[in-house]
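K.L.:
give me coordinates for this.
(2 chains)
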Amino acid sequence: MVEMEKQVLTPVNENKPQKATNFKWRNIFRGDNRALWTILALIIILLVDRMVSPTFFTVRMINGRLTGSLINTLDGAAPIMLLSIGMTLVIATKGVDLSVGAVMAICAAVSAVLINRHEAGSDNILYYPGFVIAIAILVGALCGLWNGVLVALFDIQPIIATLILMVAGRGIAQMITDGQSPTYTDETLAFMGQGTILGMPFPVYVAAIALVVVYLLVRRTALGLLIESVGINAKASHYTGVNATVIKLFVYIISGICAAIAGLIVAGENTYADPHTAGMWSELDAIVAVVIGGTLLSGGRFSLVLSAMGALIIQSLRIGLYISDLHPNANLVVKAIVILLVLLLQSKEFKQAVGRLFKPVLKLRAVFK
Amino acid sequence: MSTNEQPALLEVRGLTKTFTATPALSEVDFTLYPGEVHAVLGENGAGKSTLIKVITGVYKRDAGTIRLNGKLIEPRSPGHAQELGISAVYQEINLIPTLSVAENLYVGRQPRFLGMVSMQLMNKKARKLLKTFNIDIDVTRDLSSYSIAIQQIVAIVRGVDLSAKILILDEPTSSLDRHEVETLFSVIRSLEEHGIGILLITHFLDQVYEISDRITVLRNGRKVGEHLTKELPRAKLISEMLGREFTETLGKRSNQITNGDSKHDTFLDIKGFAKRGMIEPFDLEIKKGEIVGLAGLLGSGRTEMGHLVFGINRSEKGEAFVESKKVKISSPRKAIRYGFGLCPEDRKVEGLIADLTIRENIILALQAKLGWYRHIPYKRQEQYADEMIEALHIVTTDAEKPVRELSGGNQQKVILARWLVSNPELLILDEPTRGIDIGAHAEIINIIKRLAKEGKALMVISSELAEVVDYSDRVVVLRDRKKLTELTGDEISEDAIMQAIAEK
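P.N.:
This is a model prediction of the structure:
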């Protein structure tokens, strides 16, 4: 290592003033000025929510549990946020993971079936709640590995490769539960979805911890750089010695693990696993969250923080629509329109077009000056 | 064989085409007679493809005239050119691989019987059409089940059958083996007999002499000569293409190491590397501190040799030794582990990670070599970047700029810096000075020489002969995907290189 770092041409210039700090805010918000628009969109949507419901920002402590629309928003956003963390990494490599919803269903089913055996009185240590959670996460990782092998080793296009598990996954989940939606009473597993710590719902902690852990994992190692490099120019990365196979396996496994945890949360909220509906359509929410967060579907630069913010935008929009007087039938259309607006805000072409529209006004002003 | 007494089929006069201020063609004349094969030759950027694109209506010309059979024509699009009687067959075949041969020949104009498309009639006509070119194949099979040569011939036959008077063939033989080339040439010869004029673009000089009747040489968008093939010696052709007079002695050799010098150990020794369709078996030895230049015309196998050595393409046979130890170079990653580095020919596609910053581009190879878990601390990264920006005089405000915002020369330096930071023992440079301004040009050559002095082994691929002569300790000469010879020490001169390329 020391030898590799040996300088080739010139010694270190010692007179050069060292930069005071390496920390740059914009490094947190990779994706340049898109960060600004994403934050702005979130603030606007929250303000609209506040207008719709005057108590939106009111948070009260009831029975040791914080309640209020804002808390509900955070709580409900947690699974999407988890999915969007894994999805961000996958999309950054120029891939996509359509199977996350199905993986949620599989892992929820696995946890419910295993914990039922514990509840039925089995002494097998593998059915203890802690192990059940670990096994469910392991299953998620295996699902991710499967996707990763198809994409990285067999070079199948990601959208097709993950479509296979998206379709098959719910079938697998049904096979695991034998077509039932098993319910359970175990408190540890229920805690995953319903528990609180210091009044704050447990899923919020899980999502926050996952965000921090994955952030550190990709930004405190070289993974983030190598992921972006593969996503921007796979050929040049290959010529530079980047091991794209390992990188791709890694991102799909992370995505699988995130989906497994999201599945545990959703199952815990209801204390049952429904193989048909658990995580339904959530792959699309996750993709939209990532795109709102400014990561391009064509791969490359990514920001985990902004993707998480994208998940918050989606959830605060959903909650806002629930509490509004709007007819439920209109919800999906309004959601689509708002997401379109957020994306237009980020579109350079759109902003230029708007700018051209206002040009005559600016010219007029110049004339009167 | 045509004579000048015949009326010309195609007459191009004073053709000029300018792209954003740089002329791609200026006042080019080109004349094609019926029943001849007219080769258009030139190095990269000579204007060959611009010429055919203007003739086939892909580009609009800025000035000049095009006459077909004496009449002025204005081709607006490739489709329109085809209606006029000018068909082009490109390297990538524009046919539909999953349709049958017959369907490909008649797609869009299927023969009908009583108003219905008749497969039988179509297959019969297709068989008959191919027979006239002595091709006897099952026309009902998918096109993709045939070799590239047959696919190419089908494309040609289709073009000719669409009432073509002029056929443009752009690098038709570049992916064919020798036997397939023979088949293609027999088709071309029978086209000649039918009075069709053929404009041929190719990099294979042997083939030019085998098949063509006339040669036009382009250089930097200008026509430098038009000759009857049988009257043009190879040496003269090559000097016209490269733009150097044979008697000229440019460039002084500056750093030399003598053969057998005990101070210089062999770094890489390659025996019999080869890959079908890319390059014929070759031996190559590179010593530490030695610069080996690879000279040859475009398509001679220079780049392919570099790719094989760097593991981008796996050699099908032969052995490689790094410092006398046998190694398997199966991928760039492996090659990098043995201490190799490669600055590719196509900077944008194969080299730069455009959206990453200069700093990130510079540390990428080292980071990839270290593995993802041994992260280079940001401080160290910035140091590397700053040192390299200073050492290589990369012109930029800071290291955090996306590398795509730099000029060509500076981008090239960033890729060089990427390898220098990872401290390779062997650096392969493919056209390191192409498309960069004169100042950066000289700097990059200085860096090459400096690296050799530091004991690195260098393999430099370049079409600039003067440059190759200037820095090489040894020059490997290639032609038609074959290593011809090696020149060492005092043997190295532009003359000698051109002579070697020209030799039969």
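K.L.:
and the residue in the stretch 51-200 of chain A positioned nearest to chain B, how far from A:Ala260?
P.N.:
Using C-beta to the nearest C-beta, the single residue of the stretch 51-200 of chain A nearest to chain B is A:Ala92, 11.1 Å away. Backbone N, C-alpha and C define where each C-beta goes, glycine included. As judged by C-beta to C-beta, to the nearest Å, A:Ala92 and A:Ala260 stand 21 Å apart.
K.L.:
and the residue of the stretch 51-200 of chain A closest to chain B, how far is that from A:Gly86?
P.N.:
The spacing between A:Ala92 and A:Gly86, counted by C-beta to C-beta, is 11 Å.
K.L.:
circling back: residues touching the residue of the stretch 51-200 of chain A closest to chain B, list them.
P.N.:
A:227-228, A:231, A:251, A:295, A:299-302 (C-beta atoms under 8 Å, 6 or more residues apart in numbering or on different chains).
K.L.:
okay if I get those residues as TSV plus secondary structure and pLDDT?
P.N.:
TSV is the format used below for those (DSSP: H, G, I helix; E, B strand; the rest coil; pLDDT from 0 to 100):
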residue	secondary structure	pLDDT
A:Ile227	helix	96
A:Glu228	helix	95
A:Gly231	helix	94
A:Val251	helix	97
A:Thr295	coil	88
A:Gly299	coil	89
A:Gly300	coil	90
A:Arg301	coil	91
A:Phe302	coil	93
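K.L.:
ok, which pair from those residues is furthest apart?
P.N.:
A:Val251 and A:Arg301 (14.7 Å; C-beta to C-beta).
K.L.:
related to what we said a few turns ago, now the residue of the stretch 51-200 of chain A closest to chain B, nearest residue through space, not along the chain?
P.N.:
A:Phe302 (3.9 Å; C-beta to C-beta, 6 or more residues apart in numbering or on different chains).
K.L.:
quickly note the distance from B:Leu484 to chain A.
P.N.:
For B:Leu484, the distance to chain A equals 28 Å [C-beta to the nearest C-beta, to the nearest Å].
K.L.:
these two touch, right, that residue and B:Val477?
P.N.:
Yes: between B:Leu484 and B:Val477 a contact is recorded at 4.8 Å, counting by C-beta atoms under 8 Å.
K.L.:
need the residues touching each of the two.
P.N.:
B:500-501.
K.L.:
more neighbours, the two?
P.N.:
Neighbour totals were compared for B:Leu484 and B:Val477, and B:Val477 leads with 24 against 16 (other C-beta atoms under 10 Å in any protein chain shown).
K.L.:
quick check: that one is in a helix.
P.N.:
No: going by DSSP: H, G, I helix; E, B strand; the rest coil, the assignment for B:Val477 is strand, not a helix.
K.L.:
so what's it closest to, chain neighbours aside?
P.N.:
B:Ala500 (4.2 Å).
K.L.:
give the next helix or strand downstream of the helix or strand hosting A:Ile80.
P.N.:
Using DSSP states H and E, A:Ile80 falls within helix A:69-92. As assigned by DSSP H and E, the chain's next helix or strand after helix A:69-92 is helix A:100-119.
K.L.:
before we move on, the earlier item: quick one: contacts for the residue nearest to B:Val477?
P.N.:
B:Ala500 neighbours (C-beta under 8 Å, 6+ apart): B:477, B:484-485, B:487.
K.L.:
can you read off the pLDDT for it?
P.N.:
B:Ala500 is assigned a pLDDT of 87 by the prediction.
K.L.:
which strands and helices sit next to the worst-scoring helix or strand of chain B on mean pLDDT?
P.N.:
Ranked by mean pLDDT, DSSP states H and E, the weakest helix or strand in chain B is strand B:112-113, scoring a mean of 74. Helices and strands touching strand B:112-113, by 3 or more C-beta pairs under 8 Å, 6 or more residues apart in numbering or on different chains; DSSP states H and E: there are none.
K.L.:
adjacent strands (with direction) for the helix or strand following it?
P.N.:
Downstream of strand B:112-113, the next assigned helix or strand under DSSP H and E is strand B:116-117. Strand B:116-117 pairs in its sheet with strand B:112-113 (antiparallel), by DSSP bridges.
K.L.:
please report phi then psi for the residue nearest to B:Val477.
P.N.:
When read as degrees, to the nearest 10, the backbone of B:Ala500 gives phi -60, psi -40.
K.L.:
distance of B:Leu237 relative to A:Glu349?
P.N.:
50 Å.
K.L.:
again, but for B:Gly318
P.N.:
On the measure of C-beta to C-beta, B:Gly318 and A:Glu349 end up 52 Å apart.
K.L.:
B:Lys334 contacts B:Val322, doesn't it?
P.N.:
No: in this structure B:Lys334 lies outside contact range of B:Val322 using C-beta under 8 Å: 10.6 Å.
K.L.:
need phi/psi at the residue in the stretch 401-504 of chain B that chain A sits nearest to.
P.N.:
Nearest to chain A in the stretch 401-504 of chain B, going by C-beta to the nearest C-beta, is B:Leu420, at a distance of 4.6 Å. Per-residue torsions, B:Leu420: phi -60, psi -40 (degrees, to the nearest 10).
K.L.:
over to the one 4 residues further on?
P.N.:
Summarising the backbone geometry of B:Pro424 under the convention degrees, to the nearest 10, its torsions are phi -80, psi 160.
K.L.:
next, B:Leu427: secondary structure please.
P.N.:
Secondary structure of B:Leu427, per three-state DSSP, is strand.
K.L.:
what about it, how many residues nearby?
P.N.:
Around B:Leu427 there are 24 other residues, counting by other C-beta under 10 Å.
K.L.:
with adjacent residues omitted, what lies nearest to it?
P.N.:
Per C-beta to C-beta, 6+ apart, closest to B:Leu427 is B:Gly341, 4.8 Å.
K.L.:
in what helix or strand does the closest residue to A:Gly86 other than its chain neighbours lie?
P.N.:
Among residues not flanking A:Gly86 along the chain, A:Ser255 sits closest, at 3.2 Å (C-beta to C-beta, 6+ apart). Using DSSP H and E, the element containing A:Ser255 is helix A:244-270.
K.L.:
where does the prediction get shaky in the stretch 301-450 of chain B?
P.N.:
For the stretch 301-450 of chain B, residues meeting the criterion pLDDT under 70 lie at B:435-439.
K.L.:
so where do the strands sit in it?
P.N.:
Secondary structure of the stretch 301-450 of chain B by DSSP state E, counting those that start in this stretch: the strands cover B:317-322, B:325-327, B:340-343, B:426-430.
K.L.:
which bits of the stretch 401-504 of chain B sit near chain A?
P.N.:
The stretch 401-504 of chain B comes close to chain A at residues B:418, B:420-423, B:450-451, B:454, as judged by C-beta under 8 Å from any C-beta of the partner chain.
K.L.:
if I look at A:Ser181, how far off is A:Trp281?
P.N.:
18 Å.
K.L.:
okay, those two: which has more neighbours?
P.N.:
A:Ser181 (17 against 9).
K.L.:
quick one, what contacts that one?
P.N.:
Taking C-beta under 8 Å, 6+ apart as the definition, contacts of A:Ser181 comprise A:272-276.
K.L.:
B:Thr98 too?
P.N.:
Counted by C-beta under 8 Å, 6+ apart, B:Thr98 has contacts B:142-144.
K.L.:
more neighbours: B:Gly318 and A:Glu349, which one.
P.N.:
Taking B:Gly318 and A:Glu349 together and counting by other C-beta under 10 Å, B:Gly318 has the greater number of neighbours (16 against 8).
K.L.:
element containing the nearest residue to the more buried one once chain neighbours are set aside, please.
P.N.:
Leaving aside its chain neighbours, B:Gly318 sits nearest to B:Gly272 (3.5 Å; criterion: C-beta to C-beta, 6+ apart). In this structure, B:Gly272 sits in strand B:266-275 according to DSSP H and E.
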